[in-house]
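Trainee: can you look at this prediction? I've put the sequence above it.
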Amino acid sequence: TGTTRTRILAMNLEAAKFFRNELFESAEGEAAREYVRQRQLSGTTVKHFGLGYSPNSFNALRDHLSCAGYTDEEMADAFLCRRSERTGKYFDLFRGRLMFPIIDNSGNIIAFGGRVLDDSKPKYLNTSDTAAFKKSKNLFALNFARTHCSEQLIVCEGYMDVIAMHAAGFENSVATLGTAITSEHARMIARYAKVVYLAYDSDAAGQNATERAIRLLGEAGVDAKVIQMTGAKDPDEYIKTYGASAFAKLLGNSEGQIDFKLNGILKKYNLSEPDDKLAAVREACKMLAAIRTDIKREVYAKRLSSLMSLSPESINSEIKYAAGVENKRIKTRRREE
């Protein structure tokens with residue numbers, strides 16, 4: 001793209017002002033104002049995060065930016081407009097959405113996320129990579145969270161979760177930007193936090209995202225803990241239903257990554273069936289065999305033996321066997337290489 005980072009940042013700021021004005025001042029913005037009220041977001045919170053509204057029009061932002069001296073090509077480079085392949089005309093990409101500016105640690109608006117006000121798809125639209133923005137290297141609300149984190153961060157799935165968390169006093173919350181956590185995100189998180197609490201949705205996609213995050217954060221040297229939310233699908237809903245102090249308790253009771261993996265394995269099997277129980281023990285022991293430190297392995301071997309009502313000796317011998325099988329597999333692979 002030909003447009004410079006400086007030019008895109010200036011254009012994004014102009015767009016953010018336009019979106020904010022549409023949210024607060026325009027007649028069409030009433031639907032978005034109603035949505036914000038339903039989601040119980042205070043005026044202070046809305047202003048703090050710089051939220052706005054993109055009108056449901058193909059050219060409202062384009063006209064505004066063109067009056068401000070920006071060309072169609074520049075708007076396309078900033079991922080604010082796109083050229084229609086059919087007509088060759090440029091049109092607004094964000095239409096009829098609640099807008100979330102993405103702000104870097106220097107206070108620049110580097111990108112946007114936009115959420116529909118109903119259930120239409122796609123629910124979220126995010127800025128693609130531009131000269132000012134790489135989504136694999138940025139986190140929503142890190143500009144606020146880094147000053148409140150004291151070496152602990154909470155990672156959520158979506159913008160609304162983060163905003164609800166900040167409003168409830170958990171100002172060390174961040175989210176990835178419409179993408180799964182990357183190794184770059186993990187390294188970035190490691191600069192600010194030694195412990196990360198993962199507050200992903202309780203559905204299958206959320207659980208898969210949790211497993212991926214545990215692995216990548218572990219590789220970056222960050223201790224990941226998993227928040228288990230029962231009775232709500234995400235942090236926003238949990239806090240609305242049970243309150244901030246209940247969520248604070250969840251943080252205190254969060255599972256370490258080995259507990260999370262262990263419980264995940266045991267949930268897959270019907271433990272009252274002997275064959276299933278055996279398969280569960282084997283899979284769990286294989287996972288425990290990969291733990292490098294003896295003491296940690298012993299702690300979880302004891303936990304498994306009590307969960308399964310089996311002697312610690314039998315669990316330890318199964319772990320030893322699993323470790324032997326794995327070592328043999330590694331040696332064979334090395335020989336073949």
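Mentor: Cool, got the structure.
Trainee: what ranges do the strands span in the stretch 101-250 of the chain?
Mentor: 109-116, 124-126, 139-140, 151-156, 173-176, 193-199, 223-226 (DSSP state E, counting those that start in this stretch).
Trainee: of those, which is nearest K89?
Mentor: Among the strands of the stretch 101-250 of the chain, the nearest to K89 by C-beta to C-beta is strand 124-126 (19.6 Å). Where C-beta positions appear, they are placed from N, C-alpha and C, glycine not excepted.
Trainee: other SSEs contacting that closest one?
Mentor: Using 3 or more C-beta pairs under 8 Å, 6 or more residues apart in numbering; DSSP states H and E, the elements in contact with strand 124-126 are strand 109-116.
Trainee: residues touching the strand it packs on, excluding its own?
Mentor: Contacts with strand 109-116, where a contact means C-beta atoms under 8 Å, 6 or more residues apart in numbering, come from 9, 12-13, 15-16, 19, 50, 54, 79-80, 94, 96-104, 122-127, 130, 132-133, 135, 138, 140, 159-160, 177-178.
Trainee: CA atoms of stretch 191-209 as CSV?
Mentor: Extracted in CSV, the C-alpha atoms of stretch 191-209 (Å, rounded to 0.1, in the frame of the first residue of the first chain):
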residue,chain,number,x,y,z
ARG,A,191,6.4,-8.2,28.6
TYR,A,192,3.6,-7.1,30.9
ALA,A,193,2.5,-10.2,32.8
LYS,A,194,3.8,-13.3,34.5
VAL,A,195,0.3,-14.8,35.0
VAL,A,196,-2.6,-14.7,32.6
TYR,A,197,-6.2,-15.6,33.3
LEU,A,198,-8.0,-16.9,30.3
ALA,A,199,-11.7,-15.9,30.3
TYR,A,200,-12.8,-17.4,27.0
ASP,A,201,-16.4,-18.4,26.1
SER,A,202,-17.5,-21.6,27.6
ASP,A,203,-18.5,-23.1,24.2
ALA,A,204,-16.4,-25.6,22.2
ALA,A,205,-14.7,-22.9,20.2
GLY,A,206,-13.8,-21.1,23.4
GLN,A,207,-12.3,-24.3,24.9
ASN,A,208,-10.2,-24.9,21.8
ALA,A,209,-9.0,-21.3,21.9
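Trainee: buried ones in that stretch, by neighbour count?
Mentor: Across stretch 191-209, burial judged by 16 or more other C-beta atoms under 10 Å covers 192-193, 196-202, 206-207, 209.
Trainee: what do you get for stretch 59-73?
Mentor: By neighbour count on 16+ other C-beta under 10 Å, the buried set for stretch 59-73 is 60-62, 64-66, 70, 72.
Trainee: as a markdown table, the residues you listed with secondary structure and pLDDT would be great.
Mentor: Listed next are the buried residues of stretch 59-73 as a markdown table, based on DSSP: H, G, I helix; E, B strand; the rest coil; pLDDT from 0 to 100:
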| residue | secondary structure | pLDDT |
| --- | --- | --- |
| A60 | helix | 97 |
| L61 | helix | 98 |
| R62 | helix | 98 |
| H64 | helix | 98 |
| L65 | helix | 98 |
| S66 | helix | 97 |
| Y70 | coil | 97 |
| D72 | helix | 96 |
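Trainee: quick check, nearest of those residues to L117?
Mentor: Nearest to L117 among the buried residues of stretch 59-73, counting by C-beta to C-beta, is A60 at 16.0 Å.
Trainee: just want the most central residue of this protein.
Mentor: E157 (3.3 Å; C-alpha atoms, centre = their mean).
Trainee: that one touches Y200, doesn't it?
Mentor: Yes. Contact between E157 and Y200 holds when scored by C-beta atoms under 8 Å: they sit 5.1 Å apart.
Trainee: now for those two: what residues contact both?
Mentor: Common neighbours of E157 and Y200, counting by C-beta under 8 Å, 6+ apart, are 206, 209.
Trainee: re the thing from before, show me the contacts of strand 109-116 that map onto helices.
Mentor: The members of the contacts of strand 109-116 that map onto helices under DSSP state H are 9, 12-13, 15-16, 19, 159-160.
Trainee: out of the residues you listed, which are buried?
Mentor: 9, 12, 15-16, 19, 159-160.
Trainee: closest to R39 out of those?
Mentor: M160 (6.7 Å).
Trainee: list the contacts for the residue lying closest to the closest one once chain neighbours are set aside?
Mentor: The shortest distance from M160 to any non-neighbouring residue, by C-beta to C-beta, 6 or more residues apart in numbering, is to D236 (5.3 Å). By C-beta under 8 Å, 6+ apart, the contact list for D236 reads 39, 158, 160-161, 163-165.
Trainee: same thing but at 7 Å, please
Mentor: 160-161, 164 (C-beta atoms under 7 Å, 6 or more residues apart in numbering).
Trainee: one more: L142?
Mentor: Contacts for L142 were tallied using C-beta under 7 Å, 6+ apart; they are 105, 174.
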